[in-house]
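Q: Give me the fold of what follows.
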Amino acid sequence: MPLASLPEGVAATSSKYELALTIDELLDRMREIMPVECSIVEMKFFFGTTDEETAEILGLPLRSMQVRWQDARIWLFEKA
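A: Have a look, this model is predicted:
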């Protein structure tokens, strides 16, 4: 499931500007406690990197990156 599929309530009740601010705030919070996961989100969501590209850029084993990507998505959905 792509990160762009935000929870219904967020997308349905927010303007694009409010949504952008919410995402920015969430990424700022994530960066403080989960910096690697934040980098994964930024690369995959904003730059469209594949799992393999993201893992290579960050110097992580593919499976480790995929687990961290899943953790980041769960965190974002819980906080949104």
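Q: Give me the next element, helix or strand, following the helix or strand of the chain with the lowest mean pLDDT.
A: For the chain, using mean pLDDT, DSSP states H and E, the weakest element among its helices and strands is helix 8-13, scoring a mean of 53. Using DSSP states H and E, the helix or strand that directly follows helix 8-13 along the chain is helix 16-33.
Q: how many other residues sit next to residue 78?
A: Applying other CB atoms under 10 Å, we find 8 residues neighbouring residue 78. For glycine as for every other residue, the C-beta is placed from the backbone atoms N, C-alpha and C.
Q: Can you tell me the SS state at residue 76?
A: helix (DSSP: H, G, I helix; E, B strand; the rest coil).
Q: wait, doesn't it sit right on residue 41?
A: Yes. Between residue 76 and residue 41 there is a contact under CB atoms under 8 Å: 7.1 Å.
Q: Looking at those two, which one has more neighbours?
A: For residue 76 versus residue 41, neighbours defined as other CB under 10 Å are more numerous around residue 41 (24 against 21).
Q: how about low-confidence regions in this protein?
A: 1-14 (pLDDT under 70).
Q: repeat that for 80
A: Along the chain, segments meeting pLDDT under 80 span 1-14, 80.
Q: Leaving out chain neighbours, which residue sits closest to the spatially most central residue of it?
A: In the chain, the residue lying closest to the centroid (CA atoms, centre = their mean) is residue 41, at 3.2 Å. Leaving out its chain neighbours, the residue that sits closest to residue 41 by CB to CB, 6 or more residues apart in numbering is residue 72, at 5.1 Å.
Q: what about the one you found, which SS state?
A: Relying on three-state DSSP, one would call residue 72 helix.
Q: what about the nearest residue to residue 49 once chain neighbours are set aside, how many neighbours?
A: Leaving aside its sequence neighbours, residue 49 sits nearest to residue 43 (CB to CB, 6+ apart; 4.6 Å). Here the number of neighbours of residue 43 (other CB under 10 Å) works out to 18.
Q: I'd say residue 43 and residue 57 touch.
A: Yes. Contact status for residue 43 versus residue 57: in contact at 6.6 Å, counting by CB under 8 Å.
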